[in-house]
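# pasting the structure only:
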Ligand SMILES: O=C(O)c1ccc[n+]([C@@H]2O[C@H](COP(=O)([O-])O)[C@@H](O)[C@H]2O)c1
Ligand SMILES: Cc1cc2nc[nH]c2cc1C
């Protein structure tokens with residue numbers, strides 16, 4: 001079987017028994033039930049990802065920064081020259097970018113992948129040369145990529161995830177660098193969520209209102225053009241094949257990040273998503289393999305409006321909301337300590353029983369149990385099976 005199909009086939013559901021154990025454990029820890037809010041659901045879901053409770057700490061962690069250029073740059077959608085993509089790659093390798101500073105802060109490794117930078121990048125220590133094409137073509141004029149390029153870039157992401165997990169990493173984080181990639185992100189998000197171009201197209205690195213209005217028209221034009229092209233295989237509901245949509249209006253880094261998400265899910269390692277580029281790529285991954293969604297943690301919500309639309313469609317709640325709009329993996333890195341905290345609680349916090357703390361809920365749950373100091377094993381498991389971060393299970397768990 002070829003790599004993409006094999007990876008999708010390897011993605012299994014969350015482990016229900018491990019999640020049940022995590023839920024029951026949470027309810028025995030020395031804190032009011034549900035008091036860690038959505039971090040409790042996150043810890044439970046991470047147990048389901050790893051298939052064990054408590055799940056492993058997300059360490060060592062690695063952020064992979066996928067860099068690529070975009071033909072749609074020719075439409076004047078960003079004020080930055082295309083060369084900045086390659087120049088920033090050098091900055092990442094030299095350790096001088098924000099992603100490097102944040103990675104040092106949280107002890108994560110930075111991996112830089114050239115999946116489609118337009119110019120030639122000289123060999124450099126730490127640079128993974130996986131160039132699939134010298135940037136995409138202008139999506140307003142024709143497909144951004146060939147089907148073969150899209151598939152190859154997805155495979156690159158799968159291979160990077162596989163290699164990082166084989167090297168011992170227990171948490172993967174997405175990063176991106178690509179001048180003009182917020183335009184391709186908006187087009188992907190509109191295509192996968194059905195939202196209008198004007199609702200999902202933002203200001204990217206920072207543009208004036210006239211450029212923003214043009215950017216919306218560019219996204220509209222690309223989507224209208226793509227609709228007139230043969231759309232490959234459609235599913236029973238008539239939806240276009242996700243890889244075809246990706247090739248039509250996506251970027252090489254979107255493709256690689258989609259593969260990275262699939263690879264993480266197949267290897268049962270959590271993947272912390274960064275901003276709008278990762279959100280768009282995750283929509284591709286989840287359209288290919290719906291089960292991949294449960295392995296994704298939304299690191300943050302970016303200022304790009306399309307990101308909120310993508311996260312809503314993915315049913316993921318962002319851990320951090322600081323109006324960041326940088327990319328590179330910066331928002332995912334800021335969220336990593338929260339992911340670690342969600343796991344560490346399950347490892348380290350004493351139970352009511354072991355600490356000799358009275359558990360009012362043990363008594364409230366079953367008055368027949370008598371003394372509140374003796375919580376019954378396993379009586380407190382919440383019935384909430386929805387693995388969404390805080391989207392379903394908490395109400396039931398926040399009982400007084
Ligand atoms: O992560 C985000 O949500 C995000 C939002 C706005 C901009 N960016 C970064 O800025 C670049 C794309 O911006 P633009 O305006 O050239 O499309 C690209 O390198 C992204 O990493 C990233
Ligand atoms: C300087 C610069 C750094 C970036 N990092 C991610 N996207 C970026 C875009 C620019 C322009």
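Sure, I can see it. Small disclaimer: the values here were computed from a predicted structure and weren't measured. Ligands and ions are numbered 1, 2, ... in the order given.
# And the pLDDT at the spatially closest residue to residue 175 that is not a sequence neighbour?
Once flanking residues are discounted, residue 175 sits nearest to residue 329: 2.7 Å by CB to CB, 6 or more residues apart in numbering. Quick note: C-beta positions are derived from backbone N, CA and C, even for glycine. If you check residue 329, the pLDDT there is 99.
# How about the contacts made by residue 329?
Listed by CB atoms under 8 Å, 6 or more residues apart in numbering, the contact partners of residue 329 are 63, 64, 65, 99, 102, 103, 110, 173, 174, 175, 176, 274.
# among these, which are in helices?
99, 102, 103 (DSSP state H).
# Tell me the spacing between the second one and ligand 2.
Taking CB to the nearest ligand atom, to the nearest Å as the criterion, residue 102 is separated from ligand 2 by 12 Å.
# Run a quick neighbour tally on the closest residue to that residue other than its chain neighbours.
Leaving aside its chain neighbours, residue 102 sits nearest to residue 333 (4.0 Å; criterion: CB to CB, 6+ apart). By the criterion of other CB atoms under 10 Å, residue 333 has 30 neighbours.
# Over to residue 333. Which of the three states is it?
Classification of residue 333 using DSSP: H, G, I helix; E, B strand; the rest coil returns helix.
# these two touch, right, it and residue 173?
Yes. Between residue 333 and residue 173 there is a contact under CB atoms under 8 Å: 6.3 Å.
# where do the contact lists of those two overlap?
63, 108, 299.
# Strands - which of the residues you listed land there?
Judged by DSSP state E, the subset of the shared contacts of residue 333 and residue 173 located in strands is residue 63.
# which parts of the stretch 151-300 of the chain sit against ligand 2?
177, 205 (CB under 6 Å from any ligand atom).
# tell me which element residue 155 falls in.
Assignment of secondary structure by DSSP states H and E places residue 155 within helix 147-166.
# Report the distance from that helix to the chain centre.
15 Å (CA atoms, centre = their mean, to the nearest Å).
# And the contacts of it?
With CB under 8 Å, 6+ apart, helix 147-166 has contacts from 3-4, 7, 62, 64, 66, 68, 111, 113, 115-116, 128, 130, 132-133, 145, 172, 232, 243-244, 246-247, 250, 252-253, 255-264, 266-267, 269, 271.
# separation between the closest residue to residue 328 other than its chain neighbours and residue 189?
Nearest non-adjacent residue to residue 328, counting by CB to CB, 6+ apart: residue 99, 3.9 Å away. Distance from residue 99 to residue 189, counting by CB to CB, to the nearest Å: 23 Å.
# What of residue 182?
In terms of CB to CB, residue 182 sits 10 Å off from residue 189.
# what touches both of the two?
In contact with both residue 182 and residue 189: 276, 306, using CB under 8 Å, 6+ apart.
# so who does whichever residue of the stretch 101-250 of the chain sits closest to ligand 1 touch?
For the stretch 101-250 of the chain, the residue closest to ligand 1 is residue 204, as judged by CB to the nearest ligand atom, at 2.3 Å. For residue 204, the contact set (CB under 8 Å, 6+ apart) comprises 77, 78, 180, 182, 183, 215, 304, 325.
# again, 7 Å this time
78, 182 (CB atoms under 7 Å, 6 or more residues apart in numbering).
# got it, and residue 179?
69, 70, 73, 78, 80, 82, 84, 85.
# Assumed residue 254 was part of a helix.
Yes. Under three-state DSSP, residue 254 sits within a helix.
# And the pLDDT at it?
Value for residue 254, per-residue pLDDT: 99.
# mind checking which helix or strand the nearest residue to it once chain neighbours are set aside is in?
Using CB to CB, 6+ apart and skipping residues adjacent in sequence, the residue nearest residue 254 is residue 281, 4.4 Å away. Residue 281 is part of helix 276-288, with elements assigned from DSSP H and E.
# do residue 92 as well
helix 83-94.
# Does that helix reach ligand 1?
No. Applying CB under 6 Å from any ligand atom, one finds helix 83-94 out of contact with ligand 1, separated by at least 6.9 Å.
# counting contacts, what elements does that helix pack onto?
strand 61-68, strand 109-116, strand 171-177 (3 or more CB pairs under 7 Å, 6 or more residues apart in numbering; DSSP states H and E).
# rerun at 10 Å
strand 61-68, helix 98-106, strand 109-116, strand 127-129, strand 171-177 (3 or more CB pairs under 10 Å, 6 or more residues apart in numbering; DSSP states H and E).
# any chance of these in TSV, plus mean neighbour count?
Shown next, in TSV, are the helices and strands packed on helix 83-94 (neighbours: other CB atoms under 10 Å):
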stretch	mean neighbour count
strand 61-68	29
helix 98-106	19
strand 109-116	25
strand 127-129	16
strand 171-177	31
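# which non-adjacent residue is nearest residue 187?
residue 249 (3.8 Å).
# Oh, that last question was meant for residue 289, not what I typed.
Residue 289 sits nearest to residue 8 (CB to CB, 6+ apart), 4.4 Å away.
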